[in-house]
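Engineer: fold the following for me, if possible:
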Amino acid sequence: MKDTDILVIGGGPAGVVCALTARWYYPNKRITLVRDIKDGVIPCGIPYMISSLEKPEQNAMSYSSLEKNKIKLVIDHAVEIKRRNKVVRMVSGDEYRYEKLVLAIGSSPIIPPIPGVEKKGIYPIKKEMGYLKDMVEAIKKQKRVLVLGGGFIGVEFADELSRLGGLEVTIVEMLPRLLARSFDPEFSRLVEEKLASQGVRILTNTVVEEFTGDAKVRGARLSTGEEVKTDCAILGIGAVPNTKLALDAGLDIGKGKGIWVDEYMRTVDPDIFAIGDCAGKRDFFTRKDAPVMLASIATSEARVAGANLYKLRVLRESKGTIGIFSTYVGGLVLGSAGLNEGTAGREGFEVVTGTAEAVDKHPSALPTARRTLVKLIFSRESQALLGGQVAGGMSCGELINAIGIAIQKRFTITELETLQMATHPWLTPPPTMYPLVLAAQDAAKRLSG
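Structural biologist: You can find the predicted model right below:
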């Protein structure tokens, strides 16, 4: 039997950040982190192992910060939680007694029930360096690649694959457009045009009904009746929470199939916390299930849990998941936060929108200046900001974060109209044409008539 005060199961971003946060708040506690993968990767960087990085190893996840903070790191796999005795049994046979347990056990890629999906050359996205290195090496030897899924994972993989040169890339999406769950049509159109200009074939409103071939995939039969030839396929259709360990221990599961947690990431057992992909999420606006799996959300939850393991030190002001996304496709940056116009309408919100476009430097003749498109969605009744979308150059990466803050703090049209901002010719749009302000003014004009 091995004793520790704080036991963290999971070595992804959530587990690492939680362990470090716990060290800062509880410097005298013994902390152990157990991970079941020897060589982990940075999850958000997985698509960029294809082309942008010189070699896949550059996307390795570092654990040096744990060693520096005297956090014990163990390579093992948890198989049983004995809640009565506060003990976790590992696959090695080792047992760890804890005071506080944090489950950061992540998610697993969705494997769709498509005939032939088990064939060689079909790759779910696993967060294992060895697996991903083999996948990248194999893909680079092929001539045709099919990407299943037109969300962020699929779009980013298609973009990276198109850069290899000489590779035929097809992306198949069952919805009417790419990135449909996060963006309104005018933004989806931008990414579709960008990918098409890079030679990617885009098939929307289409489902893969069967993967064909012998032991190795040779094609995909589509719902349209077409059969697309392919040498390999990437399954970029999302993930499901890993919950078996929690279920077997009698912990509750929410409607969204993640481990049920309260606002402080506590499960029904006050000494067990759950964070990251394995933990349930609730929407910021409706409190409905929100199965959003992002490292940014996972690390936010990790900081909440790590600070509050023994007592509530840090109040959690965010009462749900806003859902803030950004992506980079062929030099085009897109970001989305909160509700888009379509989802707001489906939830019954009466909205008013505002849009604006401006160059991200001033004067616009400065080198590398890019046009920035901003769309904001407000509640017509309360005028509170419900969501926003941006598209343009690199500055959009932080602009969408500013919109996320405004949503979280429930900014109104007036507050955004009168926003005070720092501006500089090389860094921002001019103060006279700041698109965030202009979009709020556009919404105000629409409200007034």
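
Engineer: for the record, mean pLDDT for stretch 23-38?
Structural biologist: The average pLDDT within stretch 23-38 is 95.

Engineer: same deal with stretch 103-114?
Structural biologist: Averaging pLDDT along stretch 103-114 yields 96.

Engineer: buried ones in it?
Structural biologist: Judged by neighbour count using 16 or more other C-beta atoms under 10 Å, the buried positions of stretch 103-114 are 103-109, 114. C-beta: built from backbone N, CA, C; applies to glycine.

Engineer: possible to save these as a markdown table with distance to residue 120 and secondary structure?
Structural biologist: Conversion of the buried residues of stretch 103-114 to a markdown table gives the following (distance: C-beta to C-beta, whole Å; DSSP: H, G, I helix; E, B strand; the rest coil):
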| residue | distance to residue 120 | secondary structure |
| --- | --- | --- |
| 103 | 34 | strand |
| 104 | 32 | coil |
| 105 | 28 | coil |
| 106 | 26 | coil |
| 107 | 24 | strand |
| 108 | 20 | strand |
| 109 | 17 | strand |
| 114 | 15 | coil |
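
Engineer: just give me the closest of those to residue 140.
Structural biologist: Closest approach to residue 140 among the buried residues of stretch 103-114 (C-beta to C-beta): residue 109, at 21.0 Å.

Engineer: the closest one and residue 195, how far apart?
Structural biologist: Separation of residue 109 from residue 195 (C-beta to C-beta, to the nearest Å) stands at 22 Å.

Engineer: just the strands in the stretch 101-250 of the chain please.
Structural biologist: Taking DSSP state E, counting those that start in this stretch, the strands of the stretch 101-250 of the chain run over residues 107-109, 122-124, 144-148, 168-172, 201-203, 208-213, 217-222, 227-229, 232-235, 239-241.

Engineer: would you turn those into TSV with distance to residue 5?
Structural biologist: Output for these, formatted as TSV (distance: least, C-beta to C-beta, whole Å):
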stretch	distance to residue 5
strand 107-109	27
strand 122-124	36
strand 144-148	44
strand 168-172	48
strand 201-203	52
strand 208-213	49
strand 217-222	49
strand 227-229	55
strand 232-235	40
strand 239-241	26
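
Engineer: looking at those strands, which is closest to residue 357?
Structural biologist: strand 201-203 (24.6 Å).

Engineer: so how far is that closest one from its chain's centroid?
Structural biologist: 23 Å (C-alpha atoms, centre = their mean, to the nearest Å).

Engineer: give me the nearest residue to the residue nearest to the spatial centre of the chain, chain neighbours excluded.
Structural biologist: For the chain, the residue nearest the mean C-alpha position is residue 294 (2.8 Å; C-alpha atoms, centre = their mean). The shortest distance from residue 294 to any residue other than its chain neighbours is 7.2 Å, reached at residue 325 (C-beta to C-beta, 6 or more residues apart in numbering).

Engineer: what helix or strand is the one you found on?
Structural biologist: Residue 325 belongs to strand 324-329 when assigned by DSSP states H and E.

Engineer: what angle separates whatever helix or strand comes next after that strand from strand 324-329?
Structural biologist: Downstream of strand 324-329, the next assigned helix or strand under DSSP H and E is strand 332-338. Per axes from the mean of the first three to the mean of the last three C-alpha atoms, to 10 degrees, the angle that strand 332-338 makes with strand 324-329 is 170 degrees.

Engineer: using PDB, write out every CA atom in strand 332-338.
Structural biologist: What follows is strand 332-338, C-alpha atoms only, in PDB (Å, rounded to 0.1, in the frame of the first residue of the first chain):
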ATOM      1  CA  LEU A 332      -7.400  32.200 -42.000                       C
ATOM      2  CA  VAL A 333      -8.300  32.500 -38.300                       C
ATOM      3  CA  LEU A 334     -11.800  31.800 -37.200                       C
ATOM      4  CA  GLY A 335     -13.200  32.100 -33.700                       C
ATOM      5  CA  SER A 336     -16.500  31.400 -32.100                       C
ATOM      6  CA  ALA A 337     -17.800  32.000 -28.500                       C
ATOM      7  CA  GLY A 338     -21.200  31.300 -26.900                       C
END
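
Engineer: which strands and helices sit next to whichever helix or strand comes after that strand?
Structural biologist: Downstream of strand 332-338, the next assigned helix or strand under DSSP H and E is helix 341-346. Under the contact criterion of 3 or more C-beta pairs under 8 Å, 6 or more residues apart in numbering; DSSP states H and E, helix 341-346 touches strand 351-359, strand 371-379, strand 385-392.

Engineer: what are the pairing partners of the first one, and which direction each?
Structural biologist: Each strand that strand 351-359 pairs with, and the sense of that pairing, follows from DSSP bridges: strand 371-379 (antiparallel).

Engineer: tell me the mean pLDDT for the strand it pairs with?
Structural biologist: Throughout strand 371-379, pLDDT has a mean value of 98.

Engineer: also stretch 353-367?
Structural biologist: Stretch 353-367 comes out at a mean pLDDT of 95.

Engineer: just the endpoints, please. Distance across it?
Structural biologist: Taking C-alpha to C-alpha, to the nearest Å, the first and last residues of stretch 353-367 lie 31 Å apart.

Engineer: next one: stretch 272-282
Structural biologist: Using C-alpha to C-alpha, one end of stretch 272-282 lies 19 Å from the other.

Engineer: now it: how far from the chain's centre is it?
Structural biologist: In terms of C-alpha atoms, centre = their mean, the centre of stretch 272-282 is set 14 Å apart from its chain centre.

Engineer: what does stretch 250-267 give?
Structural biologist: On C-alpha atoms, centre = their mean, the centre of stretch 250-267 falls 19 Å from that of its chain.

Engineer: what of stretch 75-83?
Structural biologist: 27 Å.

Engineer: what sits up against that stretch?
Structural biologist: Here stretch 75-83 makes contact (C-beta atoms under 8 Å, 6 or more residues apart in numbering) with 9, 34-38, 87-92, 94, 101, 105, 245-246, 248-250, 269, 272.
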